[in-house]
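Chemist: need a structure here:
(chains A, B, C and D)
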Number of protein chains: 2
Amino acid sequence: MSIDVGGHLKAVRMMYGLSQRELAKRAGVTNGTISLIEQNRVSPSVSSLKKVLDGVPMSLADFFTLDLQETPQVFYARDELADIGDRDVSLRLVAAKRTNRAMTIMHERYRPKADTGADMLSHKGEEGGIVLTGHIELTVGGQSRVLGPGDAYYFASAVPHRFRNAGDEPCEIVSASTPPTF
Amino acid sequence: MSIDVGGHLKAVRMMYGLSQRELAKRAGVTNGTISLIEQNRVSPSVSSLKKVLDGVPMSLADFFTLDLQETPQVFYARDELADIGDRDVSLRLVAAKRTNRAMTIMHERYRPKADTGADMLSHKGEEGGIVLTGHIELTVGGQSRVLGPGDAYYFASAVPHRFRNAGDEPCEIVSASTPPTF
DNA sequence: GGAAGGTGTTTAGGATAATAGACACGCCCT
DNA sequence: AGGGCGTGTCTATTATCCTAAACACCTTCC
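Modeler: A predicted model of the protein is given here:
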């Protein structure tokens, strides 16, 4: 359940090829501290963990985001992308089966009249994308705009938003969002 | 320099409309603890901060990743994308000027013979993308593959990697990486 | 007015983490 | 063998955090 902070720190330290004492010196703490943390015999305060990570250096966000897994699938042929869309909106997802992805990358296709709905979407994280073909009307918070090929967008997903294809040709987009929503 | 954990926690608590006591109860700590943390009079241990966040609920990674800023630019016209590439590789960046982005989204264009180099790239985070036009040879760790239109990739950036356009037509890609490298 | 129930803050004491330094082991070298 | 230097671990003391309970302030209600 609870995160293995100690093992995590040890792995990070190893990745950088540092000894406990060396890291301790850079971080301005004692080697004993690092030893105790790595054994999970203590739970470091955020401030001291930050001091330790500053010696690497690595941010707290990176530390807690990092996952230590083996190397999974890298390449995905066009028809290996998982399609999770519906009739009007095709969402073709890269690395769908990969667990603990840091983000979601999708090839989206909006049919004419496709609309994500008037009750606007709202979730955590950030998302952005680039329009490939066609046009899409994007509403984010109070703002609204029609984007064409080559145009792009980026916003915090917490702000309510809506995609609508008002034209009569399909609209293709490559989008990314983090943390992953699918 | 050091993160404002207290203000951060307070903002999170407010976003969820909880009082200190209410959050304390859910988290299994005392309200005083939360008060002290929010005032930055103490730096909580990782374990207790985790307990508190479990009451929201929110992961440590999300907590440290979250940035609390006002809503910046959302829409980017095709020619507003910042081009940070060179002669052979054009990298057109979405939301270039936005600080504390969670990821980098780019429209990349590799000229024929373009190559990111034999000394392979290696940085932290994860990256992925979808090929729009042309073909690109991607090498990740030991694996190598030529990707065409619609094909995609996704991997941990820590693994050494290289992009090379071996064909005679330009190759376009939309890519995303997190945390941002540019 | 004042009691009840809400808010965040403060304080004394017990629990926990960090330090400094000792300890034990392994490796290399003369 | 015995330094010398590296590693990670342990222990007594000091520093810090967490808790329980009181405190101060606010609004609502009778």
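
Chemist: from here on, contacts and neighbour counts on C-alpha atoms
Modeler: Will do.

Chemist: got the CA positions of the longest helix seen in chain A in CSV?
Modeler: Ranked by residue count, the top helix of chain A under DSSP state H comes out as helix A:5-15. The C-alpha trace of helix A:5-15 is given here as CSV (Å, rounded to 0.1, in the frame of the first residue of the first chain):
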residue,chain,number,x,y,z
VAL,A,5,10.4,5.4,-0.3
GLY,A,6,13.5,3.7,0.9
GLY,A,7,13.9,1.3,-2.0
HIS,A,8,12.9,4.1,-4.3
LEU,A,9,15.7,6.3,-3.0
LYS,A,10,18.2,3.5,-3.1
ALA,A,11,17.3,2.8,-6.8
VAL,A,12,17.7,6.5,-7.6
ARG,A,13,21.0,6.7,-5.8
MET,A,14,22.2,3.5,-7.6
MET,A,15,21.1,4.9,-11.0
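
Chemist: quick one: is it near DNA strand D?
Modeler: No - using C-alpha under 7 Å from any atom of the strand, helix A:5-15 stays clear of DNA strand D, coming no nearer than 8.1 Å.

Chemist: restrict the helix or strand just after that helix to CA atoms and write it as PDB.
Modeler: Per DSSP states H and E, the first helix or strand lying C-terminal to helix A:5-15 is helix A:20-27. Extracted in PDB, the C-alpha atoms of helix A:20-27 (Å, rounded to 0.1, in the frame of the first residue of the first chain):
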ATOM      1  CA  GLN A  20      25.400   6.700   0.700                       C
ATOM      2  CA  ARG A  21      28.200   8.900   2.000                       C
ATOM      3  CA  GLU A  22      28.700  10.600  -1.300                       C
ATOM      4  CA  LEU A  23      25.100  11.400  -1.700                       C
ATOM      5  CA  ALA A  24      25.000  12.500   1.900                       C
ATOM      6  CA  LYS A  25      27.800  15.000   1.400                       C
ATOM      7  CA  ARG A  26      26.100  16.500  -1.700                       C
ATOM      8  CA  ALA A  27      22.800  16.700   0.100                       C
END
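
Chemist: could you figure out how far the helix or strand that helix A:20-27 is followed by is turned away from helix A:5-15?
Modeler: Sequence order places helix A:31-38 as the next helix or strand after helix A:20-27, per DSSP H and E. Relative orientation of helix A:31-38 and helix A:5-15, computed by axes from the mean of the first three to the mean of the last three C-alpha atoms, to 10 degrees: 120 degrees.

Chemist: so what does helix A:31-38 touch, helix or strand wise?
Modeler: In terms of contacts (3 or more C-alpha pairs under 8 Å, 6 or more residues apart in numbering or on different chains; DSSP states H and E), helix A:31-38 is packed against helix A:5-15, helix A:20-27.

Chemist: distance from the chain centre to that helix, please.
Modeler: Chain-centre distance of helix A:31-38: 31 Å, with C-alpha atoms, centre = their mean, to the nearest Å.

Chemist: what of stretch A:105-119?
Modeler: 21 Å.

Chemist: next: stretch A:5-18.
Modeler: Offset of stretch A:5-18 from its chain centre (C-alpha atoms, centre = their mean): 22 Å.

Chemist: where does pLDDT dip in chain A?
Modeler: A:1-2, A:15, A:66-81, A:93, A:96-101, A:117-125, A:140-144, A:156-160, A:180-182 (pLDDT under 70).

Chemist: correct me, but A:Arg26 touches A:Gly55?
Modeler: Yes - at 4.8 Å, A:Arg26 counts as touching A:Gly55 under the criterion of C-alpha atoms under 8 Å.

Chemist: okay, now the closest residue to chain B within chain A: neighbour count?
Modeler: Nearest residue of chain A to chain B (C-alpha to the nearest C-alpha) works out as A:Ser45 at 3.4 Å. As a burial measure, A:Ser45 scores 17 neighbours (other C-alpha atoms under 10 Å in any protein chain shown).

Chemist: give me every residue in chain A lying close to DNA strand D.
Modeler: Within chain A, the positions near DNA strand D by C-alpha under 7 Å from any atom of the strand are A:18-22, A:31-33, A:35-36, A:38-39, A:45, A:47.

Chemist: can you give the domain ranges for chain A?
Modeler: The record's domain split for chain A, according to automatic domain parsing, is A:5-65, A:78-178.

Chemist: pick the most buried one from those domains.
Modeler: Among these, domain A:78-178 has the highest mean neighbour count (mean count of other C-alpha atoms under 10 Å in any protein chain shown), at a mean of 20.

Chemist: hang on, the earlier thing: would you list the domains of chain A in TSV and tack on distance to B:Ile130?
Modeler: Compiled in TSV, those are given as follows (distance: least, C-alpha to C-alpha, whole Å):
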stretch	distance to B:Ile130
domain A:5-65	24
domain A:78-178	8
